[in-house]
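Asks: prediction below, plus the sequence it came from.
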Amino acid sequence: MPKPSCASIFNLLLDSCIYGQNTLKNVTVLQCLLVSSGKRVRSQLFHGVPDRLHGMKILRIYMHKNRELTRIKRDEIKRLKEYLTVLQQRLERYLSYGSGPKRFPLVDVLQYALEFASSKPVCTSPVDDLGASAPSSGTLPAQTSPSTIEQQGPSSSDVPSTSPVQRSVIHKPFTQSRIPPDLPMHPAPRHITEEELSVLEGCLHRWRTEVENDTRDLQESISRIHRTIELMYFDKTMIQVPYRLHAVLVHEGQANAGHYWAYIYDHHQNRWMKYNDISVTKSTWEELERDSFGGYRNASAYCLMYINDKEQYLIEEEFNKETGQILVGMDTLPSDLRDYVKEDNKRFEKELEEWDAELAQKAQQEKLLSQIPRAPAPSPAPVQAGEPEYLEQPSRTDLSKHLKEDSVQAINKALAEQEDRGPEAIMDTAIKLEYTRLLKLAQEDPPPECDYRLRHAIVYFIQNQAPKKIIERTLLEQFGDHNLSFDERCRNIMKVAQAKLEMIKPDEVNMEEYERWHQDYRNFRETTMFLMVGLEFFQKKSYMEALLYLIYAYQNNKELLSKGPYRGHDEELISHYRRECLLKLNEHAAALFESGDDQEVNNGLIIMNELIVPCLPLLLVDEMEEKDIVAVEDMRNRWCSYLGQEMEPNLQEKLTDFLPKLLDCSTEIKGFNDPPKLPSYSTHELCERYAGIMLSLSRTPADGR
C-alpha cells in the first residue's frame, strides 16, 4: 500500500464543503465502505489539474459525536481564510509598489533610490568623445561656440557681418540638435552635500530594513496560517478511524461516452490488479496514478473506494468454518458464482485439449508425408508462360522460369570452366558459382526499390543467417528439379543432385527447421505482395481497398521482424501508410456525416464501424508507437467535436450510439475478414512492380513520415 498523503486530507470529500454543498451527513456508525466521487469536470475546468489521490483517509470528523467540534473547526478555517486574504493583500502592496502600470517590490525601490543617492557624477563633454571621429576642417569648434557667443552677447565686429559662413553658425537645425556639453556618464545627483547624503542614506537604510522585516513577517504569518489550515483535522480525537484506498474506477473519453476500467488492491498478493473488461492483469501504483491523475489518453479517476482499515475481516484471509483452512482463489467466491466459473473453466480446458490434439495430428501427418520418397517424374513437364511461381506452387521444387534460367546459366559457366569433367564435378562447380552470385547479392546494400531477397530464397537465408545445411539442401533442390531435364547435360546434373538429396540422412538436416525457413520466406513474399498492392491502391486514392492490404502487411511483417531485423520490411513505412489510410477514411466519413443526408450519414458510419473502429486496437496495442496513439486521438477528437453542436435529433441519436464504440479503449484485436486474394506474379514481375511502387514513393512528399 502507498503511504498516506500528508497534505490536505479529504481533498475530494471536503470539496463539497468548500463549495457549499454538504453532501456527506453526520453518522453515528461508520460503514466498512466509503465511496468518494471525484469531481473531474470541476477540477479540470477550474483548477486545470486533477484531484490528488490519497492512500488513506480519516473519517472521524463525520462522526455524530464530533459534530460540534467539526463545526467549530470549520468556522475556524473560514475565519483563518478570511484573515489569510487580508494578509495576502497587504503583502501584495509590498511586493507590487507604485501607482502606475509598472510596479516593483518596495525593497527594490528603496535600494535603487539608495544607489542613486550614493552615486558620484562623472561629467564628460560629448565633444571630447567625438573628437576622434570628427573631421579636422575646423568646423566642429566653430559649431560648438554659439552657446558661448550667446552668453557673451554679440561683438561689434559680428554685427555688420553678413557673410554666409556666419549665418550657418546660428542655423536653426543646428541649434536644435546640439548636445549638452557636460553630460553625466550615469544617473547621479548634480548637487548634494555630505550632510544631505548622510541623512538620506540613513533614512533609506532604515526604511529598507523596516520593509524587509514587514515582508518577512507577513510571509511567515501566511505560511503559519496555511499550515494551521492543513493540520486542522489532524487532531488526535479526529484521526482514530482510518480508511484505506481499496479501488479506483477510471473513465476515458468524453462527458457522455467512453470506456471504464478499475484498479482493485489485492491484500493477499500485496499488489494492485487492473480489471479491464474480461482482462485482469497485474498493475502498479505508478500506472494507477498515471491513469487517475489525467493527462494520459484523456483518462482520469472518477470514483474512489475506501475500506475501514480497522475492520480486519475485510483484508484478512478467509477461513473455512468447518475445516479451519484458508480459503484462496475460487473458494472465496459465493457458491453459485464458484460453480459457474468451474464449469466455464472445464469447457475452456476441453477446448484446449481438442486444439492440442488437432495440432499434434496435423504435425504427425506432415512428418509422415515428408518421409515418403518421391517417385521420379515419368516425363519432363514443359514450363508454360505465366506459370504460378514460388509462392503459389504446391511444391517448393516446382521452380519458376526465373530460377531455372539461373540454374542453366550456372551450369553453362561450370561447363565452360571444366568441360572435360564429369557431371558431379560440374554440378559442384555450378552450385559454388550460384552460391557466390547469391552471396554477393546478399552482401550488397541496394536502394529501397531493389530488394534482392525477392529474387531468390538463398539471399533471404544468407541475410538472416540460416544454417549452412538449409542453404546446401535448397541449392541441391534447385539443381535437382525435373525442369532442368530439357537437354542431356542438364539432365545428368539433375540426376546427380537428386541422388545427393536421397543420400542426405534425416539426422543431417532438421526437416522441420528446413520447412520453417521456407515457410518464412513464403510469408515474406506474401507480405511483400500485401504491401505492394496496398501502396498501389493508396496511390490511386482507393483508401478502403488499400487499408485491408496494409493491415495484413503490417501484421505479417511484425511477426517476421520478431524473428530478426532482416526477416521483413521497414515497419515504419507500413505503419505510416496504414495510419494515413485510417486518417483519410476518418475525414471522409466525417464529411459524409456532416452532409446530413441519411444515405451518406449511414455510409459514413459504416466506414467507421466496419473499417476504422476494428483497426483502432491495432494502433493502441503498442504504446511505444506514439504517432499511432496521436492519430487515434485525432480521429476521436474529430467526432467528439460534434458534441454540443446543434443537429437533427436522428443525427444526435446515431452519434450517441456510435461514440462509445469509437472511444472504447480496449486493445483486444477483433478478427478481420479473410485476407484479400493476392494476384499471381512471377519473380521478374514481382521485382519490377515492387521497384516501381517504391520509386514512386521516393518521388512523393513524405507527409511527415
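Replies: Arrived safely.
Asks: ok, residues contacting stretch 643-653?
Replies: With CB atoms under 8 Å, 6 or more residues apart in numbering as the test, stretch 643-653 has contacts from 254-256, 593, 596, 598, 601, 655, 659. To be clear about C-beta, it is placed using only N, CA and C from the backbone, and glycine gets the same treatment.
Asks: straight-line length of that stretch, end to end?
Replies: 11 Å (CA to CA, to the nearest Å).
Asks: ok so, going back, and the contacts of stretch 643-653, which two are the farthest apart?
Replies: Between any two of the contacts of stretch 643-653, the greatest separation by CB to CB is 27.0 Å, found for A255 and D598.
Asks: how close does the spatially most central residue of the chain sit to S300?
Replies: For the chain, the residue nearest the mean C-alpha position is E626 (2.8 Å; CA atoms, centre = their mean). Remark: distance between E626 and S300 (CB to CB, to the nearest Å) = 20 Å.
Asks: show me the strands in this structure, by range?
Replies: Here the chain has its strands, by DSSP state E, at 33-37, 56-58, 123-124, 183-184, 242-254, 257-266, 271-276, 279-283, 299-308, 318-319, 326-327.
Asks: average pLDDT for the last one?
Replies: Pointing back at strand 326-327 there. Per-region confidence: strand 326-327 scores 68 on mean pLDDT.
Asks: how about the second one?
Replies: Per-residue pLDDT values across strand 56-58 average out to 52.
Asks: and what of the longest one?
Replies: Mean pLDDT, strand 242-254: 85.
Asks: got the angle for that strand vs strand 299-308?
Replies: 160 degrees (axes from the mean of the first three to the mean of the last three CA atoms, to 10 degrees).
Asks: so which bits of stretch 411-423 are buried?
Replies: Buried positions in stretch 411-423, judged by neighbour count with 16 or more other CB atoms under 10 Å: 411, 413-415, 423.
Asks: repeat that for stretch 618-632.
Replies: For stretch 618-632, the neighbour count (16+ other CB under 10 Å) marks 618-620, 625, 628-629, 631-632 as buried.
Asks: next one: stretch 527-539
Replies: Buried residues in stretch 527-539, defined by neighbour count with 16+ other CB under 10 Å: 527-538.
Asks: what does it rub up against?
Replies: So stretch 527-539 is contacted by 391, 451, 454, 543, 545-550, 552-553, 556-557, 560, 568-569, 574, 577, 580-581, 675-676, 678-679, 681, 686, 689-690, 693, 696-697, 700 (CB under 8 Å, 6+ apart).
Asks: turn the strands of the chain into JSON lines, columns for mean neighbour count.
Replies: What follows is these, written out as JSON lines (neighbours: other CB atoms under 10 Å):
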{"stretch": "strand 33-37", "mean neighbour count": "16"}
{"stretch": "strand 56-58", "mean neighbour count": "20"}
{"stretch": "strand 123-124", "mean neighbour count": "12"}
{"stretch": "strand 183-184", "mean neighbour count": "13"}
{"stretch": "strand 242-254", "mean neighbour count": "20"}
{"stretch": "strand 257-266", "mean neighbour count": "18"}
{"stretch": "strand 271-276", "mean neighbour count": "17"}
{"stretch": "strand 279-283", "mean neighbour count": "12"}
{"stretch": "strand 299-308", "mean neighbour count": "20"}
{"stretch": "strand 318-319", "mean neighbour count": "12"}
{"stretch": "strand 326-327", "mean neighbour count": "14"}
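Asks: so which of those strands gets nearest P467?
Replies: Within the strands of the chain, the stretch nearest P467 is strand 279-283; the backing value is 38.2 Å (CB to CB).
Asks: direction included, what does the closest one pair up with?
Replies: Note on strand 279-283: by DSSP bridges, its sheet partners are strand 271-276 (antiparallel).
Asks: my guess is D451 contacts I693. True?
Replies: No. Counting by CB atoms under 8 Å, D451 stays clear of I693, with 11.5 Å between them.
Asks: can you pull the contacts of the nearest residue in space to A631 that is not next to it in sequence?
Replies: Nearest residue to A631, sequence neighbours excluded (CB to CB, 6 or more residues apart in numbering): R579, at 5.0 Å. By CB under 8 Å, 6+ apart, the contact list for R579 reads 619, 627-628, 631.
Asks: show only the entries of the residues you listed found in helices.
Replies: Applying DSSP state H to the contacts of R579, the entries found in helices are 619, 627-628, 631.
Asks: now, which of those residues sits nearest L197?
Replies: K627 (68.3 Å).
Asks: ok, that closest one to E653 distance?
Replies: According to CB to CB, K627 and E653 sit 34 Å apart.
Asks: what's the answer for E526, then?
Replies: Distance, E526 to E653, by CB to CB: 43 Å.
Asks: got it, and A301?
Replies: Counting by CB to CB, the gap from A301 to E653 is 30 Å.
Asks: what of K661?
Replies: From K661 to E653 the distance is 14 Å (CB to CB).
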